[in-house]
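Engineer: return atomic coordinates for the entry below.
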Amino acid sequence: MKKQFLVFVTIAAMLANFVSCSSDDDNSDAESKGISSSDVQSQSEESVSSEGTMQESSALELDNPNATPEAVQLYEYLCEMYRQGIISGQQESTWMGSEQYEFDYIYEQTGKYPAIRGLDYMNDDFEGVNRRAAEWHEKGGIVTICWHCGSDFSGSWAESLDTSISDWDKAFTEGTDEYETLIAGMDKGAQALLKLQELDIPVIWRPFHELDGGWFWWGKGGAENFKKLWCLMYDRYTNHWGLNNLIWTLGYSGNGRGYDNWYPGDEYVDIAGADSYSDGANAHLYDEVEDVVGSELPICFHECGRIPTVDQLESGDTDWVWFMTWHTEYITDHNDTDDLNEIYNHEYVITLDELPAWN
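Structural biologist: The predicted structure follows:
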């Protein structure tokens with residue numbers, strides 16, 4: 001089926017309100033209330049399986065019942081495209097002489113732009129990220145944001161690797177200095193995301209990525225502490241700050257093992273995925289994620305180096321809902337230009353110009 005036809009069908013389904021929701025770098029990238037540790041522990045242990053069914057004319061519901069119309073519309077689109085095509089994505093850099101470095105390169109090679117722009121709140125670049133997110137949204141694109149930072153939510157990639165939380169129990173206990181430090185840092189991101197919500201911009205929110213890798217501070221405390229951390233952020237952002245424009249995306253590393261131990265629960269995750277900087281479709285990672293979240297929740301290839309070709313995706317029997325190539329040399333040096341042109345112009349791959357006109 002031609003992807004242009006699929007996009008048309010999706011738009012028609014959205015406008016006719018046919019979409020109904022039922023409740024419910026490998027090591028190369030070696031991010032009213034808070035809730036108490038007991039609250040988070042009980043939440044992380046109460047994983048409820050989704051009972052919705054994924055069909056061509058329906059989509060799962062976002063976990064947040066107060067999700068904004070824009071977030072609902074984007075999530076419906078992602079669910080509609082799952083297994084129908086793969087949405088193209090590209091992580092940005094801002095230090096290569098142009099904020100459009102990767103995007104200009106892709107356009108020069110293919111005549112196309114990616115549908116998804118990946119951004120990063122690292123170095124507290126909240127204003128710059130939000131400006132570029134708004135500009136991409138204005139072009140009709142999809143925004144996803146991650147956050148490389150230290151354990152106090154400041155700094156960047158180096159701090160995400162080199163810092164840690166010395167006492168996780170205290171960090172999850174209200175009233176302690178450790179808890180207050182954790183919450184104060186976490187709230188910086190919430191305040192930035194609120195500004196995007198005020199602009200009616202939905203965000204694919206991808207915090208604490210490569211959680212199971214063990215190299216970032218958020219994974220160094222082990223699976224149980226990570227699940228508490230994820231649930232704490234989810235509750236803080238959703239219930240305290242009223243952030244209703246987020247699509248919560250859990251991004252595993254390329255380890256490909258033990259994913260189930262790190263899963264916070266269906267009620268805290270809207271999309272799950274894995275990343276890999278190894279060539280090919282990485283079907284084993286797709287299968288590992290599917291074993292955890294089931295066949296309904298969309299599964300994304302949330303970071304990659306060399307983009308898998310459509311032939312590799314088809315032969316690998318994978319249904320990644322999107323791919324997102326990492327920045328700088330990962331797109332320019334790790335992808336053959338002929339392959340890049342073929343991928344971005346293939347009918348299965350959805351680019352910026354083929355996204356629906358968002359309401």
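Engineer: and F216, what does it touch?
Structural biologist: Shown in contact with F216 (C-beta atoms under 8 Å, 6 or more residues apart in numbering): 31, 160-161, 208-210. Heads up, the C-betas are built off the backbone N, CA and C, glycines and all.
Engineer: any idea how far Y101 is from G316?
Structural biologist: From G316 over to Y101 the distance is 30 Å, taken as C-beta to C-beta, to the nearest Å.
Engineer: make that A67, sorry
Structural biologist: Per C-beta to C-beta, A67 is found 33 Å from Y101.
Engineer: what of V129?
Structural biologist: For V129 relative to Y101 (C-beta to C-beta), the value is 16 Å.
Engineer: pretty sure A134 contacts E198?
Structural biologist: No. Taking contact to mean C-beta atoms under 8 Å, the distance of 10.5 Å between A134 and E198 leaves them out of contact.
Engineer: so which of the two has more stuff around it?
Structural biologist: Between A134 and E198, counting by other C-beta atoms under 10 Å, A134 is the more crowded of the two (15 against 9).
Engineer: please, which helix or strand holds that one?
Structural biologist: Taking DSSP states H and E as the definition, A134 sits inside helix 126-138.
Engineer: neighbouring contacts of that helix?
Structural biologist: By C-beta under 8 Å, 6+ apart, the list of residues contacting helix 126-138 reads 92, 94, 99, 117, 119-121, 142-143, 145, 188-189, 191-192, 195-196, 199, 201, 203.
Engineer: buried sites along it?
Structural biologist: Within helix 126-138, the residues that qualify as buried are 126, 129-130, 132-133, 136-137, counting by 16 or more other C-beta atoms under 10 Å.
Engineer: which strands and helices sit next to the helix or strand containing A192?
Structural biologist: With elements delineated by DSSP H and E, A192 resides in helix 177-198, which encompasses its position. In terms of contacts (3 or more C-beta pairs under 8 Å, 6 or more residues apart in numbering; DSSP states H and E), helix 177-198 is packed against helix 126-138, helix 168-171, strand 203-205, helix 223-235.
Engineer: at 6 Å instead, please
Structural biologist: Using 3 or more C-beta pairs under 6 Å, 6 or more residues apart in numbering; DSSP states H and E as the contact criterion, the elements in contact with helix 177-198 are helix 126-138, helix 168-171.
Engineer: format those helices as CSV; extra columns: mean pLDDT and distance to L250.
Structural biologist: Putting the helices and strands packed on helix 177-198 into CSV (pLDDT from 0 to 100; distance: least, C-beta to C-beta, whole Å) gives the following:
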stretch, mean pLDDT, distance to L250
helix 126-138, 98, 21
helix 168-171, 98, 19
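Engineer: reformat these as TSV; add distance to C300.
Structural biologist: Compiled in TSV, the helices and strands packed on helix 177-198 are given as follows (distance: least, C-beta to C-beta, whole Å):
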stretch	distance to C300
helix 126-138	18
helix 168-171	28
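Engineer: among those, which comes closest to M81?
Structural biologist: Of all the helices and strands packed on helix 177-198, the one in closest proximity to M81, counting by C-beta to C-beta, is helix 126-138 (18.2 Å).
Engineer: list the contacts of D279.
Structural biologist: For D279, the contact set (C-beta atoms under 6 Å, 6 or more residues apart in numbering) comprises R306.
Engineer: one more: W241?
Structural biologist: Each residue near W241 by C-beta under 6 Å, 6+ apart is listed here: A190.
Engineer: what about it, distance to D187?
Structural biologist: When distances are taken as C-beta to C-beta, W241 and D187 turn out to be 8 Å apart.
Engineer: go on, E329?
Structural biologist: Using C-beta to C-beta, which is the criterion applied here, E329 is 34 Å from D187.
Engineer: and for Y121?
Structural biologist: When distance is defined by C-beta to C-beta, Y121 is 13 Å away from D187.
Engineer: quick one, which of those two is more surrounded?
Structural biologist: Neighbour count, other C-beta under 10 Å: between Y121 and D187, Y121 has more, with 23 against 16.
Engineer: I'd say the more buried one and W147 touch.
Structural biologist: Yes. Look at Y121 against W147 with C-beta atoms under 6 Å: they come within range, at 4.3 Å.
Engineer: give the residues shared as contacts by the two.
Structural biologist: Taking C-beta under 6 Å, 6+ apart as the contact criterion, no residue touches both Y121 and W147.
Engineer: buried residues in stretch 71-84?
Structural biologist: Within stretch 71-84, judged by 16+ other C-beta under 10 Å, the buried ones are 71-84.
Engineer: pick out the most distant pair among the residues you listed.
Structural biologist: Distance extremes for the buried residues of stretch 71-84: the farthest pair is A71 and R83 at 21.4 Å, using C-beta to C-beta.
Engineer: pretty sure W358 sits in a helix.
Structural biologist: No. Residue state for W358 (DSSP: H, G, I helix; E, B strand; the rest coil) corresponds to coil; a helix is not indicated.
Engineer: this protein: helices as residue ranges?
Structural biologist: Counting by DSSP state H, the chain has these helices, from start to end: 3-15, 37-45, 69-81, 101-110, 126-138, 157-162, 168-171, 177-198, 217-220, 223-235, 283-293, 310-315, 329-332, 337-344.
Engineer: now the stretch 201-350 of the chain, which segments are flagged as low pLDDT?
Structural biologist: Filtered on pLDDT under 70, the stretch 201-350 of the chain yields no residues whatsoever.
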